[in-house]
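>>> Kindly return the folded structure for what I paste below:
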Amino acid sequence: MNNTTIIGREPEIAAINAIMRSTGSHLIAVTGRRRIGKTYLIRSYFREQIDVELIGVLNANMETQLQQFDYALRKKESKRSKRTAPANWMEAFQQLIVYLEARKPKRKQVIFIDEFPWLDTHKSGFLGAFDWFWNNWASQRNIAVIICGSAASWMIRKVINHRGGLHNRVTDRIHLEPFTLKETEAFLKYNKVSLDRYQIATLYMALGGVPHYLKEIRRGESAMQAIQRICFDKKGLLANEFGNLYTSLFKKADNHLSIVKALAKKRKGLTRAEIITGSGLKDGGTLSQTLEELEWSGFIESYLPFGKVKKEKLFRLTDEYSLFYLVFMHQKKNVNWMQLSAGSTWKSWSGYTFESLCMKHLPQIKHALGIGAVYTEYSSFIHKGTKDAAGSQIDLLIDRRDHVINICEMKFSETSFILTKAYANELRQKMAVFQSETKTRKSLFLTFITTFGVSQNAHSIGLVQQQVVLDDLFRS
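Residues are numbered from 1 along each chain as shown. All right, here's what the predicted structure looks like:
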């Protein structure tokens, strides 16, 4: 590994280290949403050790893609090379083989093909030629072939779940997730940005842990100033990112956008039937594929509420920027974010998004509760109620093997959270409904996850059994 700074990514680096120490060939698929840092990770790790790097061109024809290949190979060849430009992909990969066989380095050779899906243009024969290259030559050498692409639907269908020549050929899959809060803090510090953790959390709830978005934050500006400039100024990086984000990832992005927009309206999530109603899409294989692609790419997640069966599975939107865009940026002009963030819409959004942030940091929450080694399952609880009794909803349950269930309340506030008498009574009722409906015999621990803790008063003492604060979410 080279001495280039890479923030976070410890599991991914460990996986690459193991690959490079091994003998034999590896076909490595590096996946992750747009702007997540896939190319940066590979280039930063390998640098001059990349023997050949090829980059696909968006919406280009086969001739242009082959020209790119020719340029990439000529950069590596000696000036005396009399090789002619390839006429097709089979010829291109044959030329690549000749070049690699002539080098004979003492280390594992590295081929990096970035934006791999863009090379597979209509009737180009690219995938068949690559299939031949891997199965008939590369797989029998000491080589690492790294293929990378943001186009999630293509990578799923043509590589990960391929049923043709590449079926089960991918030896390693490295999927990059957004930064955690701890990694976000480290990334900002590396870029000389000094903000307290409340402001970092505020930024995270609007932008998510996407490195390309976070690098736009400047020294000397608050979270609110950064959000105004990045999201609402006409030339801001994210002012027009939303449409580009989905169209660059998915071929039929309108279906994906319809689902995302429907989910943005319901914080607890929607069932498959409710998604059909809310999005206007038809039931069937296309819907299943679209949901799979969105979940696989990290925009949504599915979960089963406590005690429910598979058909009652809920889907919810978990991509912070998408939700922020649809709540605050969509069809809105000349927005003053400072004023907007003081309104009721911001309060509702920040409450929901903080819940989502907490659910992305469940290992940190478990560690703070002292149950890091205890087997747990996570779910929510939804009771619709009747004419005679009110409904009840618990957004996070931590069901523990040590005969305890944490009933979690997540609250985002600028100061310590104050529990009122009315809210305390509501919580007691909520827990009573849960116990009555589920018939659980486990102990129920009411647990608050807040920014700055719960103020001790007559209503919290004896009711709140455990607490987790924002600082806990920044731990490993």
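>>> How many residues are close by the residue nearest to Gly307 when sequence neighbours are not counted?
Among residues not flanking Gly307 along the chain, Thr438 sits closest, at 5.8 Å (CB to CB, 6 or more residues apart in numbering). Just so you know, the C-beta spots here come from the backbone N, C-alpha and C atoms, and that holds for glycine as well. Residues lying near Thr438 (other CB atoms under 10 Å) number 15.
>>> pretty sure Thr438 is touching Phe306, no?
Yes - the pair Thr438 / Phe306 is scored as a contact, 6.5 Å apart, by CB atoms under 8 Å.
>>> which residues do these two both contact?
Counting by CB atoms under 8 Å, 6 or more residues apart in numbering, the shared contacts of Thr438 and Phe306 are Phe381.
>>> Going along the chain, name the strands of the protein.
Under the criterion DSSP state E, the chain contains strands at 26-31, 52-55, 109-114, 143-148, 172-175, 300-303, 314-317, 376-383, 392-400, 404-411, 443-450, 466-469.
>>> mind listing what's buried in the longest one?
Going by neighbour count (16 or more other CB atoms under 10 Å), the buried part of strand 392-400 is 392-398, 400.
>>> ok, back up a step: can you redo the strands of the chain as CSV with distance to Ile7?
Shown next, in CSV, are the strands of the chain (distance: least, CB to CB, whole Å):
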stretch, distance to Ile7
strand 26-31, 17
strand 52-55, 22
strand 109-114, 20
strand 143-148, 19
strand 172-175, 16
strand 300-303, 24
strand 314-317, 26
strand 376-383, 27
strand 392-400, 28
strand 404-411, 26
strand 443-450, 25
strand 466-469, 24
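>>> just those strands: most buried one?
strand 143-148 (a mean of 24; mean count of other CB atoms under 10 Å).
>>> Next, the angle from that one to strand 26-31.
Relative orientation of strand 143-148 and strand 26-31, computed by axes from the mean of the first three to the mean of the last three CA atoms, to 10 degrees: 20 degrees.
>>> what helices or strands is the lengthiest helix in the chain leaning on?
Counting residues, the longest helix found in the chain (DSSP state H) is helix 421-438. Judged by 3 or more CB pairs under 8 Å, 6 or more residues apart in numbering; DSSP states H and E, helix 421-438 is in contact with strand 376-383, strand 392-400, strand 404-411, strand 443-450.
>>> For it, what is the distance to the chain centroid?
34 Å (CA atoms, centre = their mean, to the nearest Å).
>>> got the contact list for it?
So helix 421-438 is in contact with 306-307, 381, 383, 389-390, 392-394, 407, 409, 440, 444, 446, 459-460, 463, going by CB under 8 Å, 6+ apart.
>>> Pull out the buried positions in that helix.
Of all the residues in helix 421-438, those buried under the rule 16+ other CB under 10 Å are 423-424, 427, 430-431, 433-434.
>>> What of stretch 273-282?
Buried residues in stretch 273-282, counted by 16+ other CB under 10 Å: 275-276, 278-279, 281.
>>> now those residues in a markdown table, with distance to Arg74?
Putting the buried residues of stretch 273-282 into a markdown table (distance: CB to CB, whole Å) gives the following:
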| residue | distance to Arg74 |
| --- | --- |
| Ile275 | 50 |
| Ile276 | 52 |
| Gly278 | 52 |
| Ser279 | 48 |
| Leu281 | 47 |
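>>> least trustworthy helix or strand in this structure by mean pLDDT?
Lowest mean confidence among the helices and strands of the chain (mean pLDDT, DSSP states H and E): helix 152-155, at a mean of 75.
>>> Break down the stretch 151-300 of the chain into its helices, ranges please.
152-155, 181-190, 197-207, 211-214, 223-227, 241-249, 253-263, 272-279, 285-296 (DSSP state H, counting those that start in this stretch).
>>> contacting residues around stretch 31-39?
Against stretch 31-39 from outside (CB under 8 Å, 6+ apart): 9, 30, 114, 148-150, 152, 155, 160, 173-178, 210-213, 244-245, 248-249, 297-299.
>>> Dump that stretch to CSV, restricted to CA.
Extracted C-alpha coordinates of stretch 31-39, given in CSV (Å, rounded to 0.1, in the frame of the first residue of the first chain):
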residue,chain,number,x,y,z
THR,A,31,-19.3,-1.0,-6.1
GLY,A,32,-21.1,1.9,-4.4
ARG,A,33,-23.2,4.9,-5.2
ARG,A,34,-22.0,7.9,-7.2
ARG,A,35,-19.5,10.2,-5.5
ILE,A,36,-18.7,7.6,-2.7
GLY,A,37,-15.0,7.4,-3.5
LYS,A,38,-14.5,4.2,-5.4
THR,A,39,-12.0,5.6,-7.9
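>>> Name the residues of stretch 327-339 that are buried.
Buried-residue list, stretch 327-339, by 16+ other CB under 10 Å: 327-329, 337.
>>> what's the spacing between the residue lying closest to Gln465 once chain neighbours are set aside and Ser139?
Distances taken as CB to CB, 6+ apart put Phe445 closest to Gln465, at 4.4 Å, once the chain neighbours are dropped. Here the criterion is CB to CB, to the nearest Å. By it, Phe445 lies 53 Å from Ser139.
>>> Could I get the buried residues of stretch 327-339 in JSON lines, plus columns for distance to Lys261?
As requested, the buried residues of stretch 327-339 are arranged in JSON lines below (distance: CB to CB, whole Å):
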{"residue": "Val327", "distance to Lys261": "11"}
{"residue": "Phe328", "distance to Lys261": "14"}
{"residue": "Met329", "distance to Lys261": "13"}
{"residue": "Trp337", "distance to Lys261": "22"}
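>>> ok, back up a step: now tabulate the buried residues of stretch 273-282 in a markdown table and tack on pLDDT and distance to Ile19.
Converted to a markdown table, the buried residues of stretch 273-282 look like this (pLDDT from 0 to 100; distance: CB to CB, whole Å):
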| residue | pLDDT | distance to Ile19 |
| --- | --- | --- |
| Ile275 | 96 | 39 |
| Ile276 | 96 | 43 |
| Gly278 | 94 | 43 |
| Ser279 | 94 | 41 |
| Leu281 | 94 | 40 |
